[in-house]
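**Q** structure for this input, please:
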Amino acid sequence: MDLPDLPTVFTPVVPLREGGDALSRAVALAPVQGAGTLVWVRSLARIEAAVVLEPEAPLAAARPALFAAASALADALGAYGPAEVPLTLRWPATIRINAAEVGRARLAWPPGAPEDAVPDWLVVGIEARLIFPEGWEPGHGLHQTALREEGWTEEELSAADLTAAWARHLMAGLAEWQHPGPRGGFARLAERYLARLEAEPWMGDARRGLDPASGALVTERDGSRTLHALTEALAQPA
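**A** Next up, the predicted model:
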């Protein structure tokens, strides 16, 4: 099983066997191979992939790459699945189908990198469950689901095809973000992400936005603004 043809920006392409950790491998390769390195896992049960980026902005302003990765995964899955099935994002980067978790986007950066300095690299990664593992019992993990359970047919559950689709959507989203203007820039990245973001109880009826300087979620209510730091919502960097 190999990936379909991809734009030449993605090189090298590094496949891993079932059970591999794409994000960790991409982090290890980032200082050597640089931007465009794509690592993916050959699997029948899940999609997992990661891409090395070389940002031009300081670390704090570059972290919204996580939103581009999450939106790209949602778009890739949506292209293969039933149009009527709700596919949403939960802050900051959990992918949900019919209000159940099916995958997530992840982000890694160099340990100790200053917030106000351009990092040598970033790695964005994604994973999503194609099928439940053998022996999975109904009701175990009530808030989890798998693509096949939600109407993605077996013929469409190729990790290779979905990985390639995510990579293409990611490239398009990053290019749009990096070209400010009426159809691009950070505002467009935020618009795409926020259109899928679930309104959780702690958000209430507040207006929502994203802070371009830090990736924080901004909620506004009755003239008061609250910033919910992206770094507080993420796991520790690799």
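**Q** could you identify the helix or strand that succeeds the helix or strand containing residue 171?
**A** Counting by DSSP states H and E, the element that carries residue 171 is helix 159-177. Next helix or strand after helix 159-177 toward the C-terminus (DSSP H and E): helix 186-196.
**Q** C-alpha coordinates for that following helix, CSV please?
**A** Taking C-alpha atoms only, helix 186-196 is exported to CSV below (Å, rounded to 0.1, in the frame of the first residue of the first chain):
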residue,chain,number,x,y,z
PHE,A,186,-5.2,34.5,9.1
ALA,A,187,-8.9,35.6,8.9
ARG,A,188,-9.6,32.9,6.4
LEU,A,189,-7.8,30.2,8.4
ALA,A,190,-9.9,31.3,11.5
GLU,A,191,-13.1,31.3,9.5
ARG,A,192,-12.6,27.8,8.2
TYR,A,193,-11.8,26.5,11.7
LEU,A,194,-14.5,28.4,13.6
ALA,A,195,-17.2,27.2,11.1
ARG,A,196,-16.7,23.7,12.4
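**Q** can you list the strands that the next helix-or-strand element following that helix pairs with?
**A** Of the helices and strands lying after helix 186-196 in sequence (DSSP H and E), the nearest is strand 207-210. Neighbouring strands of strand 207-210 in its sheet, by DSSP bridges, are strand 217-221 (antiparallel).
**Q** and for the helix or strand following the strand it pairs with, what's in contact with it?
**A** Where DSSP H and E defines the elements, the next helix or strand beyond strand 217-221 is strand 224-228. By Cβ atoms under 8 Å, 6 or more residues apart in numbering, the surrounding residues in contact with strand 224-228 are 91, 206, 211, 214, 216, 217, 218, 219, 220. For every residue, glycine as well, the C-beta is placed using N, CA and C.
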